[in-house]
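In: build the 3D model from these lines:
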Amino acid sequence: ADEDPVPVNHSIAVVKNGGLVIGAFSGTRLIGFQYSFPGFDGTTIYLCSHSMGIHPDFQKMGIGEKLKLRQREEALKKGYRLIVWTYDPLETVNGYLNLSKLGGVCTQYIENCYGEMPDILNAGLPSDRFLVEWDIAGETSKPSEDSAMAEEVPLLIQVEVDAQGFPVPRTVLLDSEWNVNVLYVPVPNQFQTIKANDLETALDWRLKTREVFSYYLSRGWTFTALRKSNLSYLHHYVLTKK
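Out: Predicted structure coming up:
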């Protein structure tokens, strides 16, 4: 397995003490799941959304979004107002769901969050993560689905395309004096393909995006959406001033 399993007795204890295990089924067959446990940071009580998985035969069918919406429904019944979780910001399918579909926001970037991870998705790279905050009790308004990008919005990483057709990050632009309220950060659309074919370029993406993400989050900006561009190999994170 790609991840260490959670002991059954631990899962039962979590569910009995404010956590959730939600399943998606095709008939009687389990095809997806979502697992959460209670969290407390000394001030705020929240639901920590630890893991979610969909069987490969049933991916790209919207099941992940349905699991998250059911998670929100059940969490509200238990009295939660906030759900938090982490994800790799270079996994754009997850980013699009978390920010553009569900309406979560990211205000923290955690370098090498889980240390070295030997599984297929993470091996060879630092396990950097965005922390998603999903306000489930407030009025949730999803960002516009319009994929068009405003030409005047600055791009914070200049990108070139290599001989294999992979996007390569070049110059990082860190200018806190931009006189705008919105900024775009380009990220590769198929990060795992890049990682499998060119680990050096994948690491370059990790380190350059880390530099940009950390810089702007530390200055009060928030990631509020992931937008598709007209280029098939890139997406763009939307940074917004608080």
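In: from here on, just use CA atoms for contacts and neighbour counts.
Out: Will do.
In: and the gap between V21 and F191?
Out: Remark: distance between V21 and F191 (C-alpha to C-alpha, to the nearest Å) = 29 Å.
In: those two: who's more crowded?
Out: F191 (21 against 16; other C-alpha atoms under 10 Å).
In: isn't the more buried one up against L90?
Out: Yes. Under the criterion of C-alpha atoms under 8 Å, F191 makes contact with L90 at 6.4 Å.
In: figure out the helix or strand that L30 lives in.
Out: According to DSSP states H and E, L30 maps onto strand 29-40.
In: and the longest helix for the chain?
Out: helix 199-217 (DSSP state H).
In: and the contacts of the next helix or strand along the chain from it?
Out: Downstream of helix 199-217, the first helix or strand assigned by DSSP H and E is strand 221-228. Applying C-alpha atoms under 8 Å, 6 or more residues apart in numbering, the set of residues contacting strand 221-228 from outside is 92, 95-96, 99-100, 103-107, 143, 147-149, 216, 234-242.
In: are any of those residues buried, and which?
Out: The neighbour-count criterion (16 or more other C-alpha atoms under 10 Å) marks 92, 95-96, 99-100, 103-107, 143, 216, 234-240 among the contacts of strand 221-228 as buried.
In: in helices only, show me the residues you listed.
Out: Those of these lying in helices (DSSP H): 92, 95, 216.
In: what would those look like in a markdown table with pLDDT and distance to V180?
Out: Listed next are those as a markdown table, based on pLDDT from 0 to 100; distance: C-alpha to C-alpha, whole Å:
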| residue | pLDDT | distance to V180 |
| --- | --- | --- |
| T92 | 94 | 25 |
| G95 | 95 | 23 |
| Y216 | 94 | 13 |
